[in-house]
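>>> what follows is a predicted structure for the sequence shown.
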Amino acid sequence: MKRYQQYIDGQWCDPRGGEWIETINPYSGEVWAQVPRGNSDDGEAAVKAARTAFREGPWSTMHPRERGELLRKLGDLIAENAEQLAAVEVRDNGKLMAEMLGQMNYLPQWYYYYGGLADKIEGAVLPIDKPDVMTYTRNEPLGVVVGITPWNSPLLLATWKLAPALAAGNTFILKPSEFTSASALELMKLVDQAGFPPGVINTVTGYGHEVGAALVEHRHVAKVAFTGGESGGRVIYQAAAANLKPVSLELGGKSPNIVFADANLDDAVKGAVSGIFAASGQTCLAGSRLLVERSIHDEFLEKLVAFASQAKLGDPADAATQVGPVTTPGQYQKVLDYIEIAKAEGARCVLGGGASAAMGGQFVEPTIFADVNNQMRIAQEEVFGPVLSVIPFEGEEEAIEIANDILYGLAAGIWTQNIRRAIKVSNALEAGTVWVNTYRAVSVMAPFGGYKLSGIGRENGIEAIKAYLQTKTVWISTAEETPNPFVMR
Ligand code: NAD
């Protein structure tokens, strides 16, 4: 069996506590590797290395253009190793090869995009309203950034933090999910090969409440960038508050996918399916509340059930598979529990409704509940599995009201052929991303993040790099003599 080591200060090392965590293939159930169970001593070593690299190492004196070149080199190495990285992801988190290979082939673009931005971080000379001074700003890095990521798209979500943080001149410690740490450690081999100076990028693995908490609480960590569940996000936000450090949070969602009667219904069926059954619903941006205009409700539901019932469950490594297993045993049980909750609440199950008898293992059938009321738990709480709630509505106003009547605000979909309606409704939706006549599209160039409980801050796009910078204002006197010292200038 494969046994991984952590990557700290440019060195491969065993966990200081001498313990490992077994990592399981969700499809086969086999333990295929062990990852280090890092503790606070490992966290301390990583912070020390990252801090030294930030303050003293070559990273601090390197021209931003050279930092950008290193990022682009890492992008090239990822491109060369995309298939192998995708295979590790599939084995470790059970997502489809088709999806993970697509992600890995696209991943280099983050390193190219932010690598290109590294030497374009400019300050400004201010047209200051005071005599005899020159005043300018510098955009400076924060220091040591910790990135904490979940199990559903491990390398993609790590990259959304790593690439802009490094381009801004910070050093970085990655703490991936304890369920899916292997791909992060594989990435470190490429980091090593790319030639980043020791300590610039480190990966420690282990449990959130152990090494994760130690990193968040560390006084020399300047920022925490987190993607994960709402409860973990709250704990991290509170812990970071002790040292008043900035935190960005990408949390969960319960996104509305709204089908108006004037939509192309066949397209909207595909949109509904991609919103919830792709990735077995294990995606923060899942369109798990399907709002359907009442006049087409029955016809649409029939089409949707007919389409979704054809979805092929199977081995995620098989190119023909459309729905894979649930990644973790805990998540599998949680999804099944929510299906029972929905039934008890009176929602009508029109497809699926339990574990897949044919597949066994951690497979849940694609499940659709009709007659869902937006106040039910199945409509308000994030399931993070292949379970769709269908909610009828009457007209634009009610659609907007139901869509926004939720604590989350990550994303939303609108299906209509009426451009006035598309713009009006998308303006009214409380969501960080709105898709019209499409769903589940992300890009390195498009800011992504949540309204309300779905998070704080944005990843991707030019604005993401600003989250890893701080502004310094420099005043230089040009006066012949220093004026009255008892009066503010
Ligand atoms: P999680 O919150 O349980 O864990 C995420 C990470 O946080 C893991 O690395 C974990 O070890 C760490 N962690 C947990 N407690 C911690 C603590 N006290 N201190 C430091 N680190 C801690 O989330 P998960 O179950 O792995 O992922 C699923 C969740 O992630 C879902 O709610 C989903 O919606 C959300 N998610 C959001 C996005 C987004 O971009 N908005 C993307 C993917 C997933």
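Arrived safely. Note that the structure is a prediction, hence the values are computed from the model and not measured.
>>> going forward, measure contacts between C-alpha atoms and count neighbours the same way
Noted.
>>> interface residues of the stretch 101-250 of the chain facing the ligand?
For the stretch 101-250 of the chain, the contact set with the ligand under CA under 6 Å from any ligand atom comprises 148-152, 175-178, 207-209, 212-213, 227-230, 232, 235-236, 250.
>>> out of those, list just those in helices.
213, 230, 232, 235-236 (DSSP state H).
>>> for PyMOL, what selects the buried ones among the residues you listed?
Of those, the buried ones go into a single PyMOL selection, burial set by 16 or more other CA atoms under 10 Å:
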select buried, resi 213+230+236
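>>> helix, strand or coil for residue 412?
What DSSP: H, G, I helix; E, B strand; the rest coil gives for residue 412 is strand.
>>> picking up where we left off before, pLDDT for the ones in helices among the residues of the stretch 101-250 of the chain next to the ligand - can I get that in JSON lines?
Output for these, formatted as JSON lines (pLDDT from 0 to 100):
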{"residue": "213", "pLDDT": "98"}
{"residue": "230", "pLDDT": "94"}
{"residue": "232", "pLDDT": "96"}
{"residue": "235", "pLDDT": "97"}
{"residue": "236", "pLDDT": "97"}
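>>> now the helices for the stretch 51-200 of the chain?
In the stretch 51-200 of the chain, helices defined by DSSP state H, counting those that start in this stretch lie at 58-61, 64-80, 82-93, 97-106, 108-117, 154-167, 182-194, listed in chain order.
>>> if you average pLDDT over each of those helices, which is lowest?
Between those, the one with the least mean pLDDT is helix 58-61; it has a mean of 92.
>>> in that one, what's buried?
Neighbour-count burial for helix 58-61, counted by 16+ other CA under 10 Å, picks out 59-60.
>>> one more: stretch 48-63?
The neighbour-count check on stretch 48-63 (16+ other CA under 10 Å) flags 48-54, 57, 59-60 as buried.
>>> now swap in stretch 68-86 and tell me
Here stretch 68-86 shows 68-79, 81-83, 85-86 as buried, counting by 16+ other CA under 10 Å.
>>> stretch 190-200 now?
Across stretch 190-200, burial judged by 16+ other CA under 10 Å covers 190-192, 194, 196-200.
>>> any idea how far that stretch is from the middle of the chain?
24 Å (CA atoms, centre = their mean, to the nearest Å).
>>> determine how far the last residue of that stretch lies from the first.
End-to-end span of stretch 190-200 (CA to CA, to the nearest Å): 13 Å.
>>> cool, stretch 53-65 as well?
With CA to CA as the measure, the ends of stretch 53-65 fall 17 Å from one another.
>>> and whichever residue of the stretch 1-150 of the chain sits closest to the ligand, what's its pLDDT?
Distances between the stretch 1-150 of the chain and the ligand by CA to the nearest ligand atom are smallest at residue 150, namely 3.4 Å. pLDDT for residue 150: 98.
>>> next, count neighbours for it.
Residues lying near residue 150 (other CA atoms under 10 Å) number 21.
>>> and the furthest pair within the ones in helices among the residues of the stretch 101-250 of the chain next to the ligand?
213 and 230 (15.6 Å; CA to CA).
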